[in-house]
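Enquirer: Okay, predicted coordinates and the sequence, questions at the end:
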Amino acid sequence: MKISIIVPVYNVEKYLSECIDSIISQTLTDWELILINDGSPDNCDKICLDYVKRDSRIKYVYQKNGGVSSARNKGLSLASGEFLFFMDSDDTISSKFLEHAYNKALTEKSDIVVLGNSFKNRMPLPTALPVMAFIVRNEFLKRFPEIIFPIGLQPCEDGLFSHQLLALTKKISFEPNVKYNYRKHDSQNHLQIKKSCDKTLSQIPQWFNILVSFYNKHNLWKSHSLHLAKFLEHEPFELRYIDMPFNRKQHKQLFKMIRDFYKKNIRKNLKKQDRKKLTKRFRFFLFCPNYMIFNIYMYLF
């Protein structure tokens, strides 16, 4: 089996058929699709079972609701493909998506292939990727069984997963000639997350603990401090944390946690020349003596 596609399913009856059809229509045909129904209360169960009857390459598991990380981890445990690809159940992919991804992996002998022109600026050594932006070699992944999707953490669950894998290999290639069609709608996960600012903020120490444990286990502090610093920059500034509707007190708490983690774990290991490789905005944030000054800076620039 060349590629296992793992798709968590929850409350997407409007879009699920289109997602599955885009996989069935792939020019690469040697794949398995693993649908993990995470206790969806709508008609997703019936839709999945109908497709299982129609195509023997489709596997289906129903589980009690445990969240997207739980569903992805279940798919990980079942996947038999040479490479793994994670996809959201309300999105679609172009017809040659898997073919281009797999061929690039073979040609470059890659552990990870970064997919899509949107991520060109993160090459050659990305520090984090959304889960649908890469395929990963199953054999490589199995060498590190402790690297799974953290249960109960959102956002950042796919960032933590990809960051750890990206730190452990240099066999990373890039395939721009694929198209992942990301669907926007009112019930998307990230829109629901924005309604729970206190919960989101309370999770950040948990992903700090995961990072510290990982860097200790693999003795990466000296060699990969810049990798970690760029991840720390990436999560709040390029992804969701800056856009969260935090109040002033919550914003101050967020920035203090990030700054304190940097000072305690990264600064002492980061080479002087590497500090210049962080964006000016992030450097200013790290060394700014006052949150209000930084807030003014963000507003102006």
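Expert: Noted; the coordinates are in hand. None of the values given here were measured: they were computed from a predicted structure.

Enquirer: How about the backbone phi and psi for V136?
Expert: According to degrees, to the nearest 10, the main-chain angles of V136 amount to phi -130, psi 140.

Enquirer: and it, what is it in contact with?
Expert: F83, L84, D111, I112, L165 (Cβ atoms under 8 Å, 6 or more residues apart in numbering). Any C-beta I mention is one placed from the backbone N, CA and C, and that applies to glycine too.

Enquirer: make it 10 Å
Expert: 83-86, 105, 110-113, 147, 161-162, 165-166, 169 (Cβ atoms under 10 Å, 6 or more residues apart in numbering).

Enquirer: can you give me the helices for the stretch 151-300 of the chain?
Expert: 157-167, 189-193, 197-217, 225-237, 248-261, 272-275, 280-287, 291-300 (DSSP state H, counting those that start in this stretch).

Enquirer: S17: which of those helices is closest?
Expert: helix 189-193 (19.9 Å; Cβ to Cβ).

Enquirer: Could you give the separation between the terminal residues of stretch 122-135?
Expert: 16 Å (Cα to Cα, to the nearest Å).

Enquirer: Pull out the buried residues from it.
Expert: R122, P126, T127, A128, L129, P130, V131, M132, A133, F134, I135 (16 or more other Cβ atoms under 10 Å).

Enquirer: Same question for stretch 204-222.
Expert: Neighbour-count burial for stretch 204-222 [16+ other Cβ under 10 Å]: I204, W207, F208, I210, L211, F214, Y215, L220, W221.

Enquirer: Over to stretch 101-116?
Expert: Here stretch 101-116 shows A101, Y102, K104, A105, S110, D111, I112, V113, V114, L115, G116 as buried, counting by 16+ other Cβ under 10 Å.

Enquirer: so which of those comes closest to V68?
Expert: L115 (19.4 Å).

Enquirer: For H234, see how far away the nearest residue to the closest one once chain neighbours are set aside is.
Expert: The shortest distance from L115 to any non-neighbouring residue, by Cβ to Cβ, 6 or more residues apart in numbering, is to V178 (5.1 Å). Here the criterion is Cβ to Cβ, to the nearest Å. By it, V178 lies 22 Å from H234.

Enquirer: Extract the C-alpha set from stretch 173-188 and format it as PDB.
Expert: Extracted in PDB, the C-alpha atoms of stretch 173-188 (Å, rounded to 0.1, in the frame of the first residue of the first chain):
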ATOM      1  CA  SER A 173      11.400  17.600   0.100                       C
ATOM      2  CA  PHE A 174       8.900  20.000  -1.400                       C
ATOM      3  CA  GLU A 175       6.100  19.300  -4.000                       C
ATOM      4  CA  PRO A 176       4.400  22.500  -5.100                       C
ATOM      5  CA  ASN A 177       2.200  20.900  -7.900                       C
ATOM      6  CA  VAL A 178      -0.700  19.800  -5.700                       C
ATOM      7  CA  LYS A 179      -3.800  21.600  -4.600                       C
ATOM      8  CA  TYR A 180      -5.500  21.100  -1.200                       C
ATOM      9  CA  ASN A 181      -9.000  22.700  -1.200                       C
ATOM     10  CA  TYR A 182      -9.600  24.100   2.200                       C
ATOM     11  CA  ARG A 183     -13.300  24.700   2.900                       C
ATOM     12  CA  LYS A 184     -14.500  27.600   5.100                       C
ATOM     13  CA  HIS A 185     -17.800  27.300   6.900                       C
ATOM     14  CA  ASP A 186     -19.400  28.500  10.100                       C
ATOM     15  CA  SER A 187     -18.900  25.300  12.100                       C
ATOM     16  CA  GLN A 188     -15.200  24.900  11.600                       C
END
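
Enquirer: and that stretch, average pLDDT?
Expert: Averaged across stretch 173-188, pLDDT comes to 83.

Enquirer: Show me what counts as buried in that stretch.
Expert: So for stretch 173-188, counting by 16+ other Cβ under 10 Å, buried means S173, F174, E175, V178, K179, Y180.

Enquirer: Report the buried residues of stretch 222-238.
Expert: 224-237.

Enquirer: hmm, which two among the buried residues of stretch 122-135 are most spread apart?
Expert: Spatial extent of these (Cβ to Cβ) is set by the pair T127 and I135 at 18.0 Å.
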